[in-house]
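Chemist: Test case, fold it:
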Amino acid sequence: MLQFMTYLKHCSVSLLFSGFSTDSFDLDIPTKTPDDRFDVVGSVNGLICLSIGFKCLVLWNPSTRKFRHVPDIMNMLALDFVCQYMYGFGYDEVNDDYKVVAVFSELTCACVSIYSLKNDSWRRLDDIQGLVAYNRWPKLVSRKLHWVNVGEGRTIMSIDLVDEKYGKVEQPLYEEGQKFLKLGVLGNDFSVLCHYYLIRADVWVMKEYGVKESGIKLYTFKYHNAPEPAAFPTHLHVK
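Modeler: Below is the predicted model:
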């Protein structure tokens, strides 16, 4: 799937890698009007979670064209402030249940809720302290969703989709310097893209989940004509 601002396209990956030209075709996103902005929150076992606009969440199987609206979380939270938000999507293999995690954050605290497809309902979890870094959607590894929390340094937080408990993940042994972290998945391994503010970016992979000594730096990408680090403001974010 190729995601654009207001639409999705589908094409064959195998043909792209083999060098043959191939046509792509549009996917009809359920309940979306032509100008709606949307994001693919995540996908598991062929089931896709879509965020359409600010508060519309849809679980969608494009193969069968079946979908379900997730109940409106705003009605449950009754939020009366403007905040940042992010959603995560994953599969609870122990309970055979698909779950959506919603994180809404102010400056010093974030409220977290979790949706169960099996129960078709939301449940409020304990709040977490600190500012959440909103660099796209949480990453699913080892049945846990992960995001970066900048409230106590740059920690990596997780929530287990089975017991629905929080945790902190041991990080690779980065080099010293001011950095910005972006999480990812390479194969089945947890990965971290570590930006040193337009100086360079290192790609780390945790070969053994949660063991910082197992972190391997696979690549380093250096930026061309980068000035000295002190020349960059501390609030700069790199995508």
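Chemist: Contact partners for the nearest residue to residue 213 once chain neighbours are set aside?
Modeler: Leaving out its chain neighbours, the residue that sits closest to residue 213 by CB to CB, 6 or more residues apart in numbering is residue 173, at 7.5 Å. The way it works is simple: take the backbone N, C-alpha and C, and place the C-beta from them, glycine included. Neighbour list for residue 173: 212-213, 215 [criterion: CB atoms under 8 Å, 6 or more residues apart in numbering].
Chemist: And the helices in the chain?
Modeler: For the chain, the helices defined by DSSP state H occupy 13-18, 73-77.
Chemist: quick one on the thing from earlier: name the member of the contacts of residue 173 with the most neighbours.
Modeler: residue 215 (20 neighbours; other CB atoms under 10 Å).
Chemist: roughly how far apart are the closest residue to that one other than its chain neighbours and residue 189?
Modeler: Counting by CB to CB, 6+ apart, residue 215 lies nearest to residue 172, which is 2.8 Å off, once chain neighbours are set aside. In this view, residue 172 and residue 189 are 12 Å apart by CB to CB, to the nearest Å.
Chemist: what sits against the residue nearest in space to the middle of the chain?
Modeler: Closest residue to the average C-alpha location of the chain: residue 137 at 2.0 Å, with CA atoms, centre = their mean. For residue 137, the contact set (CB under 8 Å, 6+ apart) comprises 39, 41-42, 86-89.
Chemist: Which ChimeraX command selects the buried ones in those residues?
Modeler: Those of the contacts of residue 137 that count as buried under 16 or more other CB atoms under 10 Å are selected in ChimeraX with:
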select :41,42,86,87,88,89
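Chemist: Just the ones in strands from the contacts of residue 137, please.
Modeler: Cross-referencing the contacts of residue 137 against strands under DSSP state E gives 39, 41-42, 86-89.
Chemist: quick check, nearest of the residues you listed to residue 9?
Modeler: The closest of the ones in strands among the contacts of residue 137 to residue 9 turns out to be residue 39 (CB to CB; 15.2 Å).
Chemist: circling back: got the contacts of residue 173 as TSV, with distance to residue 74 and pLDDT columns?
Modeler: Listed next are the contacts of residue 173 as TSV, based on distance: CB to CB, whole Å; pLDDT from 0 to 100:
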residue	distance to residue 74	pLDDT
212	38	86
213	43	90
215	39	91
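Chemist: Distance to residue 71 added to the residues you listed, as JSON lines?
Modeler: Converted to JSON lines, the contacts of residue 173 look like this (distance: CB to CB, whole Å):
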{"residue": "212", "distance to residue 71": "39"}
{"residue": "213", "distance to residue 71": "43"}
{"residue": "215", "distance to residue 71": "39"}
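Chemist: Low-confidence bits of this structure, can you list those?
Modeler: Counting by pLDDT under 70, the chain has low-confidence residues at 15-16, 19-23, 54, 75-83, 134-136, 151-153, 225-239.
Chemist: Count the neighbours of residue 161 for me.
Modeler: Residue 161, neighbours per other CB under 10 Å, totals 26.
Chemist: swap in residue 94?
Modeler: Around residue 94 there are 11 residues (other CB under 10 Å).
Chemist: Surely it and residue 162 touch.
Modeler: Yes - Residue 94 lies in contact with residue 162 (CB atoms under 8 Å); the separation is 4.7 Å.
Chemist: measure residue 92 to residue 132 for me?
Modeler: For residue 92, the distance to residue 132 - CB to CB - is 22 Å.
Chemist: Those two: which has the busier surroundings?
Modeler: residue 132 (23 against 19).
Chemist: got the contact list for residue 188?
Modeler: Neighbours of residue 188 in contact, by CB under 8 Å, 6+ apart: residue 141.
Chemist: Same question for residue 61.
Modeler: 46-48, 67.
Chemist: All set, thanks.
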